[in-house]
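**Student:** predicted structure and sequence below. I'll ask about it afterward.
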Amino acid sequence: MAMALRALGRRISHSDRFFSSLSEAAKPPSDGKLINLFTAINQALHIALDTDPRSYVFGEDVRFGGVFRCTTGLTDKFGRDRVFNTPLCEQGIIGFAIGLAAMGNRAIAEIQFADYIYPAFDQIVNEAAKFRYRSGNEFNCGGLTVRSPYGAVGHGGHYHSQSPESFFCHVPGLKVVIPRSPRQAKGLLLSCIRDPNPVIFFEPKLLYRLSVEEVPEDDYMLPLSEAEVIRQGSDITLIGWGAQLSILEQACDAAAKEGISCELIDLKTLIPWDKETVESSVRKTGKLLISHEAPVTGGFGAEISASIVERCFLRLEAPIARVCGLDTPFPLVYEQFYLPTMNKILDAIKATVKY
Amino acid sequence: MVLGRVFEDMCAQMYYRGKMFGFVHVYNGQEAFSTGFIKLLEARDSVVSTYCDHVHAVSKGVPPRAVMAELFGKATGCCRGQGGSMHMFSAQHNLLGGFAFIREGIPVATGAAFSSMYRHEVLKESTPNGLDVTVAFFGDGTCNNGQFFECLNMAQLWKLPIVFVVENNLWAMGMSHLRATYDPEIWKKGPAFGMPGVHVDGMDVLKVREVAIEAIARARRGKGPTLVECETYRFRGHSLADPYELRKPDKKASYAARDPITALRKYILEKELASEAELKDIEKKG
C-alpha cells in the first residue's frame, strides 16, 4: 500500500446544483505550497482560532502538538487558555465541549484515535445531536467540532485502526465529514468548524504525512454535503471517502487497462450525503460499487446502496457491489486480508461490469 | 524482575530491527511492583493489566516464549498471534488481558472479583484458603477517568476481593500527571470511596511486597478492596515508537539511580542473602 506523492486534480461535478461562491470549482485556483495533511489541518486550526476569539482547541496531548502534529504551534500563538490538554476522559472531554458550544463558543475537541470515541458516544448521540431539537432552538451546540484520526495505518491493530463513521451516520442532528487530501481537509475543516451543527471530522491517519498537495495559504472553505466527481467515466460508478479513495484510484487505473471506464466519486460528507450527485452518476453508468474500510455489515455502504436502489432501481444493470472490511474486529496480523484492497475492488469492478 | 528487564530489552531490540510491528510499550523501571504483587498470587488468582503487559504476563506464569511469539504475531503466541503486544491473555494463568484502551480493564477485573465472591457466597463453593483475588493494574492517567471511580464504588459496595494497583509513573504518554490532576495523590481516592488507600515507593520491590502481602490478605479474607498507589518511573518512552524528550534529563537520571533491580541487588549483597556469583547466575538465566 505504498502511496506516492500525488496532487489530485479537480474536476467539475456532474451535479445540476448551482455552485455557491464557496465552491472549489468556482474559485480561481490559487497557488499554494506543497504541504501534507497534518500541516493543512494545522493551518485550518490556526485560521479558525485567529478568526474567532471564542474558539478553543483541546484534547489529550494537544499542547505539545499532538501525536500527529496537527496542533503544533497553537498554544504558543493563542495561549493556554484557548489551547489546552484535558485529562484522560473522552466522555468528559466531549460533554465539556458540548457545554462550551451551548454557550456560543466554537469547541474544537480532539479524540486522539477514533477507536477511543466510544466513551463519548453517549454524549455525542444523546446530547450533541439532540440539543437544538429538544431545546426548541433555545440552545444549540453547533459550535462543536470533534476531530479524530481514523483508519488503517498498517500496524495499528484493534485499537488504532478503526473506522467508526457509520455509527454516527445513524444519528439525525450530526454531520460526518471525511477529507481525502490536504487541500480538501483544510477547506472542509474550516467549513465544519463554522457550520451551525455539531460535526464529526474523521481524518485519515494514514495520509497525515503521505498525502502532499498544493494548498492555498489563505482562509477558504469547501461546501459540505457536496460530493465530488474526481474522475469521469462511463462504465461504472465508484464511491469512497478518505484514504480509501487512493486505493479506488489505483483500481480505476487497473480497470482502464482492461478497457473499463470508471467514474470515481468522493462523498466527502457522509451525512447529510449528496444523493443527487451519486444518483446522476449511476443514471449515467448503470452500475455502482462502494468501498470503505469499516466492516461491510451495517457499514455506510449499506445506506448508499439502499438509497440508490430506491432511486435508480430500473436503471441499475447489476447489483450494487460493496467492497469493504471483513466482518471481524480489526485484526493485527491479518490486516492485509481484512482490508478492501485494490485487487478485491478490481475483481468486483469486473464482476459488476460483466454481470 | 531480571527476566522482565531482559525480556523488554530484547523486545526493544527486535522492534527497532523491524521484526516486530504494531505498538509496543515496555516496562523498564517498573518491574518492582509487577514482581512485588504477582509473585504473591496463586494460580487461581486473576490479573488484569494495561497495554504494558509483557512483564505482568511473564510474572503470572505465561511462558516467555509464548509472550515473545505473540509479539511476533505467530500462531504459537499466547493469543494465537491475534492480540499482539497489548493484549496478552491466558485462561490457564488467569491473565485477563492486556488492554490497549486504558481503563477498560478495571470493570473487567471488578467482574472477575465479583465472580470469585459469588462462587463463595451464593454457590457455596468452599474456599479453605480464602477467596480468589483479582489484581487490577492501571496507570495514573486512568485515575481521572469515570470507569475507575465507578469501579471503586462497586468494589467497596459489594466488598469484592480485588486490589487496585496504580502504576503512577507520572506520565500518561505525553501528559504530566501533575498537570492533569488537581489532587495528584491518587491513594487518597481510596478512603473517599470507603477503602484503604496506600502509597508505596514503586522502585523498591521489598516495600511493594510488604504492602501487597497485606492488601492481598485482606481481599482473601473477604475484607474488601484496597487501592495501592506505586510511585515509579518508566525508563523508556511511552512506546518504542515514541520520543520521550518531554521529560527532563535530570529527573530521568534521578530515577535511574533508583533502578529496582540495582537496588535489590545491593540489598541482597549487603545483607549477605546471596553471593555475587549466585546473582550473576540469575542474571545470566534471564
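**Tutor:** Thanks, I have the structure now. Since we're looking at a predicted model, the values are computed, not measured.

**Student:** just name the shakiest helix or strand of chain B by mean pLDDT.
**Tutor:** helix B:249-256 (a mean of 76; mean pLDDT, DSSP states H and E).

**Student:** okay, that helix in CSV with CA atoms only?
**Tutor:** These are the backbone C-alpha positions of helix B:249-256, laid out as CSV (Å, rounded to 0.1, in the frame of the first residue of the first chain):
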residue,chain,number,x,y,z
PRO,B,249,17.1,14.5,31.8
ASP,B,250,17.9,15.2,35.4
LYS,B,251,14.6,13.7,36.5
LYS,B,252,15.3,10.6,34.4
ALA,B,253,18.8,10.4,35.9
SER,B,254,17.5,10.6,39.5
TYR,B,255,15.1,7.7,38.9
ALA,B,256,17.7,5.7,37.0
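
**Student:** buried ones in it?
**Tutor:** Across helix B:249-256, burial judged by 16 or more other CB atoms under 10 Å in any protein chain shown covers residue B:255. Any C-beta I mention is one placed from the backbone N, CA and C, and that applies to glycine too.

**Student:** again, but for stretch A:333-344
**Tutor:** For stretch A:333-344, by 16+ other CB under 10 Å, it's A:333, A:335, A:338-342.

**Student:** of those, list those near chain B.
**Tutor:** The residues of the buried residues of stretch A:333-344 that also fall near chain B, by CB under 8 Å from any CB of the partner chain, are residue A:333.

**Student:** closest to chain B out of the buried residues of stretch A:333-344?
**Tutor:** Nearest to chain B among these is residue A:333, at 3.8 Å by CB to the nearest CB.

**Student:** so the closest one: helix, strand or coil?
**Tutor:** The three-state label given to residue A:333 by DSSP: H, G, I helix; E, B strand; the rest coil is coil.

**Student:** quick one: pLDDT of the nearest residue to it once chain neighbours are set aside?
**Tutor:** Among residues not flanking residue A:333 along the chain, residue B:73 sits closest, at 3.8 Å (CB to CB, 6 or more residues apart in numbering or on different chains). pLDDT, residue B:73: 85.

**Student:** returning to that earlier point: can you list contacts of the least confident helix or strand of chain B?
**Tutor:** Identification of contacts with helix B:249-256 by CB atoms under 8 Å, 6 or more residues apart in numbering or on different chains yields B:29, B:203, B:233, B:235.

**Student:** surely the first one is in contact with residue B:233?
**Tutor:** Yes: the pair residue B:29 and residue B:233 passes the contact test of CB atoms under 8 Å, sitting 5.0 Å apart.

**Student:** could you export the buried residues of stretch A:333-344 as a markdown table, including pLDDT and secondary structure?
**Tutor:** Converted to a markdown table, these look like this (pLDDT from 0 to 100; DSSP: H, G, I helix; E, B strand; the rest coil):
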| residue | pLDDT | secondary structure |
| --- | --- | --- |
| A:333 | 88 | coil |
| A:335 | 94 | helix |
| A:338 | 97 | helix |
| A:339 | 98 | coil |
| A:340 | 98 | coil |
| A:341 | 98 | coil |
| A:342 | 98 | helix |
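
**Student:** tell me which two of the buried residues of stretch A:333-344 sit farthest apart.
**Tutor:** Within the buried residues of stretch A:333-344, two members stand farthest from each other by CB to CB: A:333 and A:342, at 20.4 Å.

**Student:** and the contacts of helix B:249-256, which two are furthest apart?
**Tutor:** B:203 and B:235 (10.9 Å).

**Student:** of these two, give the one with the bigger neighbour count.
**Tutor:** residue B:203 (25 against 17; other CB atoms under 10 Å in any protein chain shown).

**Student:** contact partners for that one?
**Tutor:** Contacts for residue B:203 (CB under 8 Å, 6+ apart) come out as B:29, B:32, B:231-233, B:255, B:258-260, B:263.

**Student:** show me these that map onto strands.
**Tutor:** Mapping the contacts of residue B:203 onto strands (DSSP state E) picks out residue B:231.

**Student:** flag every residue of chain B that's near chain A.
**Tutor:** With the criterion set to CB under 8 Å from any CB, chain B comes near chain A through B:21-23, B:73, B:81-84, B:86-87, B:100-103, B:141-142, B:144-147, B:172-175, B:179-181, B:246.

**Student:** give me the common contacts of residue B:29 and residue B:233.
**Tutor:** Counting by CB under 8 Å, 6+ apart, the residues touching both residue B:29 and residue B:233 are B:169, B:203, B:255.

**Student:** so the residue nearest to residue A:333 lies in a helix, does it not?
**Tutor:** No: if the criterion is three-state DSSP, then residue B:73 is coil and not within a helix.

**Student:** hmm, it is touching residue A:336, no?
**Tutor:** No: counting by CB under 8 Å, residue B:73 stays clear of residue A:336, with 11.9 Å between them.

**Student:** in the chain, which spans are helices?
**Tutor:** If you meant another chain, say so; for now it's chain A. A:37-51, A:74-78, A:90-102, A:121-122, A:131-134, A:165-169, A:182-194, A:207-210, A:244-257, A:275-285, A:300-312, A:335-338, A:342-353 (DSSP state H).

**Student:** wait, chain B was what I had in mind.
**Tutor:** All helices of chain B, identified by DSSP H, fall at B:2-16, B:31-38, B:54-60, B:64-71, B:105-121, B:146-157, B:177-180, B:189-192, B:205-220, B:249-256, B:260-270, B:276-285.

**Student:** just say which of those helices is most tucked in.
**Tutor:** Sort those by mean neighbour count, taking mean count of other CB atoms under 10 Å in any protein chain shown, and helix B:31-38 sits at the top with a mean of 27.

**Student:** just checking, what packs against it?
**Tutor:** Applying 3 or more CB pairs under 8 Å, 6 or more residues apart in numbering or on different chains; DSSP states H and E, one finds that helix B:31-38 contacts helix B:2-16, helix B:54-60, strand B:134-139, strand B:162-168, helix B:205-220, helix B:260-270.

**Student:** contact partners for the nearest residue to residue A:252 once chain neighbours are set aside?
**Tutor:** Setting aside the residues directly before and after it, residue A:252 is nearest to residue A:262 in space (CB to CB, 6+ apart), at 4.3 Å. Counting by CB under 8 Å, 6+ apart, residue A:262 makes contact with A:231, A:233, A:235-238, A:251-252, A:255-256, A:349.

**Student:** if we use 7 Å, what do you get?
**Tutor:** Neighbouring residues of residue A:262 by CB atoms under 7 Å, 6 or more residues apart in numbering or on different chains: A:231, A:233, A:235-236, A:238, A:252, A:255, A:349.

**Student:** likewise for residue B:85?
**Tutor:** Residues in contact with residue B:85 (CB under 7 Å, 6+ apart) are B:22-25, B:71.
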